[in-house]
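Asks: sequence-free structure coming up:
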């Protein structure tokens, strides 16, 4: 399929699971009404971003994939509207807890899961307390709307993740996100840096990118929105502001992106024989 | 050394080797007068960008490193002014021809050479006709002003090159460049893409970047300048326009960059165990 309309959703959350999931269902419906075929909700949209602090009670938020109310709700809305919904959620697998994503296809089926590979840790983003580093490796899926790749939040800063997914054939990259102010470094505004890193991945791989972030203030931490869709050159084509909820939708031309990707020659000219430093643990 | 002033030079060239080298010597002097300690001339500044066409006569432009008039001239000016000059030149090594760089330290010595790893090829940029792909791998050098890494033009689009050099300890990345219009695709303006890719490398690695490009029109091909220095966040701190010659200089704070690089945690959180796809030849 050459043209695919993608959308990033942006919302604030109440920390009541049922209400937050219902809010996202409404936004998926809005996006679909605008023609969106792949709709990306933000990271961990089932409540507040609980990783702001380290609190053992939050492990109760995790469910096995098939039992997660948010995954089930996204399967229902995906099938009903015929849209693909990459769904971020807190996964429990026995004694292991992951920051995961279920790729929900347009028929409501779960094509598979990805577990966040890069886990951040710092004031306000205490993810290493909650999440085991992902063991799935990077994944792409042949959905009914093309081969799609997904990274989760912190993954979006790593050129290796984007490159790996495009090498695996991803035609669009999706990044559900929860990012905002730095509680202990209020002078540091990472918004332009956050976008800049992903726009760099876009042009370096000639691949469109969709990023969905939350808005609102939770316990003194303000999430800065600016969810966006950029094309294969990294030009932003749809973007939401810092505080409003809504949908950022754009129709991508995947054939044009593929033509440019071939003609620029980045993948022709890569030198994997020289990249050994990237894969040694030192 | 915590603070280092770096500069990108920007010039047009006459295609007379001695005149072009003399022009760069003058610009190095101007940069040094502004306090620059590391001064980067553009790629292959010894004449026109001859790779615009495939012409066997241009192989006469290559010299062994120690015999190259431009390398010798940069050694002289580097020693005289006490500045580091990463020097791009067309290298002949027996039957092999490379797009190379000599790292000229502030005492005029050549610390070593790097041979361009990624070789472009397309209308107006027929480099695969002239240059054997580099066999040195990525390199960094402990100059008298810090550990510096250098890529050459097309290398600047590859996240792998930037990452490898920073993993090897580079505190600043330098990219001599010759890039401009696309003779057979006049609607494609790559300037913003060219900057975007490097600003992405800067934030993804928390490393400052210096890029030097030429200006002027050579046989219908117009080079777009916009040489720049950006800091470790990818914020442009000095930049030249599209047509003027000159010096873009900025004092970097390498200690601040290093502190941010540690605290962001990108290098802490990398997953080399998951990056195998980047180094397979398929």
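Replies: Looks like it arrived, so ask away. These numbers come from a predicted model, not from an experiment.
Asks: kindly report the residues of the stretch 101-250 of chain A close to chain B.
Replies: Applying Cβ under 8 Å from any Cβ of the partner chain, we find that the stretch 101-250 of chain A lies next to chain B at A:117-122, A:133, A:137-138, A:154, A:157-160, A:162-164, A:167-168, A:192-193, A:196-197, A:199-201, A:203-204, A:233-235. Backbone N, C-alpha and C define where each C-beta goes, glycine included.
Asks: what ranges does the stretch 151-282 of chain A have for its strands?
Replies: Secondary structure of the stretch 151-282 of chain A (DSSP state E, counting those that start in this stretch): strands at A:172-176, A:209-212, A:215-218, A:221-224, A:228-230, A:236-239, A:246-253.
Asks: which residue packs closest to whichever residue of chain A sits closest to chain B, ignoring adjacent ones?
Replies: Closest contact between chain A and chain B, by Cβ to the nearest Cβ, is at residue A:200 (1.5 Å). Leaving aside its sequence neighbours, residue A:200 sits nearest to residue B:200 (Cβ to Cβ, 6 or more residues apart in numbering or on different chains; 1.5 Å).
Asks: count of residues packed around that neighbour?
Replies: Using other Cβ atoms under 10 Å in any protein chain shown, residue B:200 has 27 neighbouring residues.
Asks: how about it, what does it touch?
Replies: Residues in contact with residue B:200 (Cβ atoms under 8 Å, 6 or more residues apart in numbering or on different chains) are A:159, A:196, A:197, A:199, A:200, A:201, A:203, A:204, B:159, B:234.
Asks: how about the residues you listed in JSON lines, adding pLDDT?
Replies: Listed next are the contacts of residue B:200 as JSON lines, based on pLDDT from 0 to 100:
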{"residue": "A:159", "pLDDT": "98"}
{"residue": "A:196", "pLDDT": "98"}
{"residue": "A:197", "pLDDT": "98"}
{"residue": "A:199", "pLDDT": "98"}
{"residue": "A:200", "pLDDT": "98"}
{"residue": "A:201", "pLDDT": "98"}
{"residue": "A:203", "pLDDT": "98"}
{"residue": "A:204", "pLDDT": "98"}
{"residue": "B:159", "pLDDT": "98"}
{"residue": "B:234", "pLDDT": "98"}
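Asks: in a markdown table, list those residues along with distance to residue B:41.
Replies: Shown next, in a markdown table, are the contacts of residue B:200 (distance: Cβ to Cβ, whole Å):
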| residue | distance to residue B:41 |
| --- | --- |
| A:159 | 28 |
| A:196 | 27 |
| A:197 | 29 |
| A:199 | 29 |
| A:200 | 25 |
| A:201 | 30 |
| A:203 | 25 |
| A:204 | 25 |
| B:159 | 25 |
| B:234 | 23 |
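Asks: if we can go back for a sec, now the residue nearest to residue A:200: how far from residue B:50?
Replies: Here the criterion is Cβ to Cβ, to the nearest Å. By it, residue B:200 lies 30 Å from residue B:50.
Asks: contacting residues for residue A:125?
Replies: A:51, A:52.
Asks: for residue A:278, same thing?
Replies: Counting by Cβ under 8 Å, 6+ apart, residue A:278 has contacts A:160, B:160, B:163, B:164, B:167, B:272, B:275, B:278, B:279.
Asks: show the pLDDT at it.
Replies: You'll see residue A:278 listed with a pLDDT of 98.
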